[in-house]
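Visitor: the amino acid sequence is not available; the structure is as follows:
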């Protein structure tokens with residue numbers, strides 16, 4: 001595993017898992033949020049975001065965490081492993097709320113500069129609707145990934161057991 005995608009709903013723990021994998025395997029970690037967001041929650045123009053993503057994905061090894069479904073086909077072409085955190089919506093909502101409470105007003109290291117943690121109702125609605133709006137689409141894309149390792153983890157406990165069983 002040298003080029004690993006970690007995908008799933010916001011709040012599932014993609015960044016936490018990605019950090020652990022990067023530490024365990026010694027791979028560079030690339031956060032899509034850091035490539036996408038500019039100061040004060042301003043999105044980068046798509047062409048700029050895509051160019052930054054393609055530059056990062058051209059490296060020989062990496063862990064990429066994040067969704068951005070529009071760029072998923074580009075990332076799938078370049079990865080050898082996909083880890084999909086397919087957690088229940090309540091778990092993901094709780095993860096987002098816990099993250100906001102812990103870091104409100106501060107910018108996370110995996111986020112673009114000048115994007116402090118905040119409570120955003122539209123974002124919470126996106127998380128709530130993620131299983132209905134994104135899950136089928138993700139599985140459809142993952143079904144066609146012959147020759148790649150696809151790991152689907154459905155709970156934090158299952159993820160912890162999977163991590164424990166990995167070789168370094």
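Guide: Here it is on my side, so go on. Please read these numbers as outputs of a predicted model, since none were measured by experiment.
Visitor: tell me the first helix or strand C-terminal of the longest helix belonging to the chain.
Guide: Criterion DSSP state H: the longest helix present in the chain is helix 89-103. Beyond helix 89-103 in the direction of the C-terminus, DSSP states H and E gives the next helix or strand as helix 121-133.
Visitor: just to revisit the earlier point, what packs against the longest helix of the chain?
Guide: Helices and strands touching helix 89-103, by 3 or more Cβ pairs under 8 Å, 6 or more residues apart in numbering; DSSP states H and E, are helix 121-133. Backbone N, C-alpha and C define where each C-beta goes, glycine included.
Visitor: list the buried residues for the helix it packs on?
Guide: 124, 126-128, 130-131 (16 or more other Cβ atoms under 10 Å).
Visitor: average pLDDT across that helix?
Guide: Averaged over helix 121-133, pLDDT sits at 96.
Visitor: got the contact list for the residue most central in space within the chain?
Guide: Central residue of the chain (Cα atoms, centre = their mean): residue 66, 2.4 Å from the mean position. Counting by Cβ atoms under 8 Å, 6 or more residues apart in numbering, residue 66 makes contact with 6-7, 14, 31-33, 36.
Visitor: over to it: give its phi and psi.
Guide: Per-residue torsions, residue 66: phi 140, psi 170 (degrees, to the nearest 10).
Visitor: what distance do you get for it to residue 165?
Guide: Residue 66 is 25 Å from residue 165, where distance means Cβ to Cβ, to the nearest Å.
Visitor: listing request: residues of the chain with sub-threshold pLDDT.
Guide: Judged by pLDDT under 70, the chain has its weakly predicted residues at 167-168.
Visitor: re earlier: residues in contact with the longest helix of the chain?
Guide: The contact list for helix 89-103 (Cβ under 8 Å, 6+ apart) reads 8-13, 108, 117-119, 123-124, 127-128, 130-131, 155-156.
Visitor: okay, the contacts of residue 66 in CSV with neighbour count, secondary structure and distance to residue 55 next?
Guide: Shown next, in CSV, are the contacts of residue 66 (neighbours: other Cβ atoms under 10 Å; DSSP: H, G, I helix; E, B strand; the rest coil; distance: Cβ to Cβ, whole Å):
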residue, neighbour count, secondary structure, distance to residue 55
6, 28, strand, 19
7, 25, strand, 20
14, 27, helix, 21
31, 22, strand, 14
32, 23, helix, 13
33, 18, helix, 16
36, 20, helix, 14
